[in-house]
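> Turn this into a model:
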Amino acid sequence: MTMRRLAEARQPVAAAWLTRGGLHGGRREAESRQAMKLIGVDSRNLFFFRLVDGHALDFIEEIVTRLERLFSELRPASIFVPAFEGGHPDHDAVQLAAAAALSRLSRQQKITGEDRLPHPMLLEYPLYTRAGAKLLKVGSFIPANVPTKQTPMKLKDRLFKRKVAITFSSQRAILWPLTGLRGGPMMVHVKGEPYRRVPRDRDYTMRPHRGRLAYEYFTRARFPRFAAVAARLLP
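Prediction:
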C-alpha cells in the first residue's frame with residue numbers, strides 16, 4: 001500500500017526486480033507487470049534485471065553497477081528493499097547491493113561536486129526470518145534499536161492488497177494462504193505495513209540473528225560467503 005499511496009499522490013514510483021523468479025520466470029514477470037498496473041506504477045518505470053533466481057550474490061558486481069546507474073538517473077528520495085533477515089539469500093543480497101550502490105554514488109558525487117544533493121533514504125520491509133522462531137516468522141522485523149513506522153491500512157486497503165497478491169497465480173501455494181484479512185501477516189498487515197530506516201553503519205559481515213539462517217536450511221547458500229562479499233563491497 002505504500003507504493004499505492006505514493007502513486008495516488010502522483011509521486012514518481014519505480015520498481016526493480018533483480019532475478020527472474022525461479023521456475024516461473026517469464027510468468028512471474030508478467031504477473032509483476034500486472035500487479036504494478038493495479039498499483040498505478042507507470043510501465044516505463046519497471047526494471048527487470050532477469051538474473052538467475054537464488055544466485056544474486058554471484059552477480060553482485062553487475063547488480064551494484066546497474067543499481068548505481070539507476071539511482072543516479074532516477075534520483076529517488078527513498079529506496080525500499082527487503083529486510084536483512086536471513087530469509088532468502090537474494091533478499092539479503094538486494095539490500096547489500098543497494099547499500100553498496102548508494103555508497104559508491106555518494107563517493108562519486110563528492111568527486112563531481114554534487115555531494116550537496118539529498119542522499120536517498122534506504123528503507124527496509126520485513127518478509128520472513130527464523131529469528132525467534134522454530135520455523136519462520138512472517139512479516140515482522142528482527143528487534144533492533146531502529147524506530148519502525150507503518151503505512152496505515154483500512155479494510156479497503158487490505159482488500160486491495162489481497163487483489164494485488166492473487167495476481168501472482170504462480171505463487172499460489174506460498175502467497176494465497178497469507179492473504180486472509182486476519183491471518184495474513186506478510187501480505188495484509190492488519191495494523192499497517194511496517195518499514196524502517198536501514199542504518200548507514202549496518203555491519204553486513206555479522207549474521208542478522210543468532211543461529212542458522214532460514215536460507216541455510218533450504219539452499220546451498222551460506223552466510224560466510226555473504227560476509228566475505230559484504231566486506232569487499234563495504235570495507
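> in what helix or strand does Leu96 lie?
Taking DSSP states H and E as the definition, Leu96 sits inside helix 89-112.
> so what does that helix touch, helix or strand wise?
Where contact means 3 or more C-beta pairs under 8 Å, 6 or more residues apart in numbering; DSSP states H and E, helix 89-112 is packed against strand 15-19, helix 60-74, strand 78-82, strand 121-125, helix 223-233. Where C-beta positions appear, they are placed from N, C-alpha and C, glycine not excepted.
> Turn those into a markdown table, columns for distance to Gly54 and mean neighbour count.
Converted to a markdown table, these look like this (distance: least, C-beta to C-beta, whole Å; neighbours: other C-beta atoms under 10 Å):
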| stretch | distance to Gly54 | mean neighbour count |
| --- | --- | --- |
| strand 15-19 | 7 | 19 |
| helix 60-74 | 13 | 17 |
| strand 78-82 | 14 | 18 |
| strand 121-125 | 20 | 18 |
| helix 223-233 | 13 | 16 |
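> Can you give me the buried ones in stretch 6-16?
Leu6, Ala7, Val13, Ala14, Ala15, Ala16 (16 or more other C-beta atoms under 10 Å).
> What of stretch 33-52?
Per 16+ other C-beta under 10 Å, stretch 33-52 contains these buried residues: Ala35, Met36, Ile39, Val41, Leu46, Phe48, Phe49, Leu51.
> Return the helix or strand in this protein with minimum mean pLDDT.
The weakest-scoring helix or strand in the chain, judged by mean pLDDT, DSSP states H and E, is helix 172-175 (a mean of 73).
> and the direction of the helix holding Leu96 versus that of helix 223-233, what angle?
Helix 89-112 and helix 223-233 are oriented at 10 degrees to each other (axes from the mean of the first three to the mean of the last three C-alpha atoms, to 10 degrees).
> Pull out the buried residues from helix 89-112.
By neighbour count on 16+ other C-beta under 10 Å, the buried set for helix 89-112 is 89-105.
> Also stretch 213-221?
Leu213, Ala214, Tyr215, Glu216, Ala221.
> Looking at the residues you listed, which two lie furthest apart in space?
Greatest spatial distance among the buried residues of stretch 213-221 (C-beta to C-beta): Ala214 and Ala221, at 10.5 Å.
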